[in-house]
Structures are given as C-alpha cells and as structure tokens.
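Asker: Any chance you can model this:
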Amino acid sequence: MRDPRLKVLASNLIRYSVNLQPGENILIEMIGIKDQELTKCLIEEVHAAGGHPFIELRDPAVTRSLMLHGTKEQYHTLKELELNRMKQMQAYIAVRSGDNITETSDVPEAQMKLYVTEYQRPVTDQRVNHTKWCVMRYPNPSMAQLANTSTEAFEDFYFQVCNLDYSKMGKAMESLVNLMNRTDKVRLVAQGTDLTFSIKDIPAIPCAGKNNIPDGEVFTAPVKNTVNGTLSYNTPTIYQGTSFENVVLRFENGKIVEATSNNTKKLNEILDTDEGARYIGEFAIGVNPYIKYPMKDILFDEKIDGSIHFTPGNAYEDADNGNRSSVHWDMVLIQRPDFGGGEIYFDDVLIRKDGKFVIAELEQLNPENLI
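Answerer: Numbering: from 1, shown residues only. You can find the predicted model right below:
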C-alpha cells in the first residue's frame with residue numbers, strides 16, 4: 001500500500017518547490033532509490049500539472065565504476081549529451097539515496113577531479129542557473145543508522161521535516177533577508193572560532209523549500225578577500241565519499257592558509273583542487289526547527305537549528321562574490337549550548353546567541369515560532 005505521505009511530498013515538490021507550469025519539461029533523477037513509489041507519485045503530479053516528465057534512474061555503485069575508469073574524452077561526450085538534455089528542461093528534481101554514503105571514498109583524487117571538472121560541474125552549473133530545481137534525499141536504513149534512530153522513527157522524522165509548512169518559513173525569513181542586505185561586517189564566535197568578514201552588497205537568498213527538501217537557511221557570500229580569523233567546525237562532514245571531523249580553517253584576506261582535520265592530507269588535497277577552492281563561496285544561517293543533530297548528510301546538516309555553514313569553493317550566481325571553483329563544500333558549525341554555544345554579530349550588534357535570535361525582528365525564526 002502506498003504511504004499517503006508520499007503523495008503530499010510529491011505534490012509539494014511539483015506544485016510548490018519547482019512550481020511546474022503546463023507545457024514545461026522536468027527531469028527527475030532517482031539516485032539509489034529501490035522503492036519507486038515516489039517516482040510514480042511524481043510522474044502523476046507532473047501530468048496533473050500539465051508538464052512532461054523525463055526520468056533517469058541511477059545507481060551509486062555504477063557511478064563509482066564510471067569514476068574509476070572514465071577518460072577525459074568519455075566525460076566530454078557525456079557532458080555534451082547531458083548538457084543538451086538539461087538545456088531542454090525547465091525544471092529538475094533529484095531524489096538521492098543509497099546504502100553506503102562513502103561509496104566513492106576509494107576513487108583516486110585525479111579521477112574524481114576529472115569526473116567533476118570535465119563532466120559534473122558544467123552540467124550542474126546549467127541546472128542550477130537555468131532551471132527551477134530541487135534536490136532531496138529519500139529515507140533508508142543507512143540514513144537511519146547515521147541519525148542513530150530506528151528505520152521507522154527516521155521515516156517519521158523525514159516526513160515531518162520534508163512536509164513542513166515552508167511557505168510559513170519563507171515569510172518568517174523576510175526580516176533576516178532584509179537585515180543581511182543592510183549588513184556590512186559579520187563576526188562569528190564559538191569554541192575555537194573567531195572570524196570576521198563582510199557581506200556588503202551581496203544579496204541574501206531565502207531557502208524555504210524551493211531548491212532543497214528539507215530546507216531552512218538564508219545564504220549569501222562573503223566579499224571574497226575580507227575573511228580573516230579561524231573557524232572550527234563541530235560537525236562531521238562527508239565530501240567525495242570521505243568523512244572528515246574536527247575541521248579547522250584559518251583565513252588571511254579571504255584565503256584558507258591553514259587547514260587541519262582528522263585527515264589533514266586529503267583535506268588539503270581537496271582545497272588545492274583549484275585556486276577558488278581556498279576561498280569561500282557561501283555563508284548561511286540554518287533555521288530548520290526539526291533538525292537538531294548532524295547525520296553526515298549535508299542536505300539535513302546545513303539546515304540544523306542554530307547552525308551556520310561556511311563553504312569553501314564556488315559561489316552561487318544569485319549571491320555571487322566572484323569565486324569560481326569545481327569545489328563547493330558546505331561545512332557546519334552548530335552554536336547551540338549543547339554544542340558549545342556561540343554568537344553571530346552583524347555590524348557589532350549581537351543578533352543570535354547560543355542558536356537563538358535575540359533581536360525582536362528575527363524572533364519569528366526561532367524554532368518555537370516555526371513549528
């Protein structure tokens with residue numbers, strides 16, 4: 001029997017997240033999904049909206065084999081094929097799952113870089129900048145294990161988070177967007193962290209269920225050369241299939257000049273991918289009231305209540321500081337008391353302490369007001 005929550009989710013994705021219109025084409029990529037009931041629900045909702053669904057089914061283990069053995073010439077052809085398809089799409093949804101989040105951890109760095117730069121990044125840039133898109137996860141026992149819950153409990157959590165009233169959240173974000181758009185200097189303080197940078201004249205973008213499900217962040221980017229100080233991330237992070245913990249970055253005039261972690265060598269190899277990888281492409285504030293703890297899945301972790309993420313690599317065009325890189329690595333610092341606390345200052349005014357907004361115009365974004 002089909003879970004009725006799937007129909008609600010599919011309807012929200014098609015009608016709200018990508019706002020599909022009659023006659024529009026949408027590419028739906030289902031990655032590592034074993035149960036295709038959501039796929040069928042999405043197809044039904046696309047047709048009900050008058051759109052045209054195009055379906056791609058992928059498997060992470062097969063992708064790993066492509067990464068291990070692919071050539072530059074092969075990736076060039078694949079890029080041209082998929083770019084041509086993406087250019088014919090007005091919307092895009094990706095639903096990602098898989099039994100092993102570290103499936104690609106043994107792909108050599110040179111092969112990973114070839115795959116990303118020659119194929120993946122150009123297609124992603126076309127999708128991000130020229131379609132209405134939404135990326136999400138799908139629950140499975142592996143995700144439940146990462147979240148330290150039973151499978152059933154995780155499914156209940158998943159649908160609670162994903163079927164949140166994101167239109168309400170979007171309205172509540174307006175005051176934070178307006179404040180960020182008036183702000184020059186930002187200071188972040190936490191255990192092992194004291195960092196300053198400017199966000200002057202770079203737009204603040206609300207994220208309330210349009211591009212990600214789950215969602216709950218407002219992002220911008222630092223003025224590229226203004227970042228100074230040290231940032232100690234207190235959540236684990238997965239990048240290119242490898243898990244990193246205790247990441248500490250030290251900045252001088254925007255550039256990461258020192259980077260350490262439990263795997264310092266590989267961390268620095270990634271940051272040396274290209275010139276832009278050692279500069280920051282995104283600064284965001286997380287506000288999802290239901291997401292409290294990290295689970296090594298960035299679509300959840302970057303939305304954690306009381307968190308920020310500060311992202312080495314490529315900037316988004318709608319909040320652009322000019323940084324370009326094949327890397328975009330969201331890393332998370334949680335500032336709630338159970339994670340050591342912390343403060344955010346805008347132009348020397350304290351706006352959030354220990355994960356709670358402390359000025360009246362932002363209180364509607366505190367968790368008790370979003371649930």
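Asker: residue ranges of the strands in the stretch 151-300 of the chain, please?
Answerer: Assigned by DSSP state E, counting those that start in this stretch, the stretch 151-300 of the chain shows strands spanning 185-190, 193-198, 205-207, 212-213, 217-220, 228-232, 237-239, 242-244, 248-252, 255-260, 280-286.
Asker: Starting from the shortest one, tell me which strands it pairs with and how they run.
Answerer: By that I understand strand 212-213. Sheet pairing for strand 212-213, assigned by DSSP bridges, gives strand 132-137 (parallel).
Asker: The strands of the stretch 151-300 of the chain: which one's closest to residue 92?
Answerer: Evaluated with C-beta to C-beta, the strands of the stretch 151-300 of the chain place strand 212-213 nearest to residue 92, the distance being 12.6 Å. Using the backbone N, CA and C atoms, a C-beta is placed for each residue, glycine as well.
Asker: which residues are in contact with the closest one?
Answerer: Strand 212-213 is contacted by residues 9, 12, 13, 17, 134, 135, 136, 162, 299, 303 when judged by C-beta atoms under 8 Å, 6 or more residues apart in numbering.
Asker: For the fourth one, which residues are in contact?
Answerer: With contacts defined as C-beta under 8 Å, 6+ apart, residue 17 is in contact with 93, 134, 209, 210, 211, 213.
Asker: do the first one as well
Answerer: Counting by C-beta under 8 Å, 6+ apart, residue 9 touches 38, 41, 159, 162, 163, 213.
Asker: just curious, which of those is nearest to residue 125?
Answerer: Nearest to residue 125 among the contacts of residue 9, with distances taken as C-beta to C-beta, is residue 213, at 21.4 Å.
Asker: Quickly note the distance from the closest one to residue 353.
Answerer: Per C-beta to C-beta, to the nearest Å, residue 213 is found 29 Å from residue 353.
Asker: do residue 73 as well
Answerer: 55 Å.
Asker: which one of the two has more residues nearby?
Answerer: Neighbour count, other C-beta atoms under 10 Å: between residue 73 and residue 353, residue 353 has more, with 17 against 9.
Asker: what residue ranges in the stretch 201-350 of the chain are flagged as low confidence?
Answerer: Within the stretch 201-350 of the chain, no range satisfies pLDDT under 70.
Asker: which stretches of it form helices?
Answerer: Applying DSSP state H, counting those that start in this stretch to the stretch 201-350 of the chain gives helices spanning 264-271, 298-301.
Asker: quick one, the first one and strand 248-252 angle?
Answerer: Helix 264-271 and strand 248-252 are oriented at 50 degrees to each other (axes from the mean of the first three to the mean of the last three C-alpha atoms, to 10 degrees).
Asker: Which residues belonging to helix 264-271 are considered buried?
Answerer: Buried positions in helix 264-271, judged by neighbour count with 16 or more other C-beta atoms under 10 Å: 266, 267, 268, 270, 271.
Asker: residues in contact with the last one?
Answerer: Read that as residue 271. Contacts of residue 271 (C-beta under 8 Å, 6+ apart): 256, 259, 277, 278, 312, 327.
Asker: Of those residues, which is the most crowded?
Answerer: residue 312 leads these on contacts (other C-beta under 10 Å) with 27 neighbours.
Asker: Hmm, residue 277 and it touching each other?
Answerer: Yes: here residue 312 lies in contact with residue 277, judged by C-beta atoms under 8 Å, at a distance of 5.8 Å.
Asker: and stretch 197-209, how far apart are its ends?
Answerer: This stretch, stretch 197-209, spans 28 Å end to end (C-alpha to C-alpha, to the nearest Å).
Asker: mind checking how far it is from the chain centre?
Answerer: What separates the centre of stretch 197-209 from the centre of its chain is 15 Å, taken as C-alpha atoms, centre = their mean, to the nearest Å.
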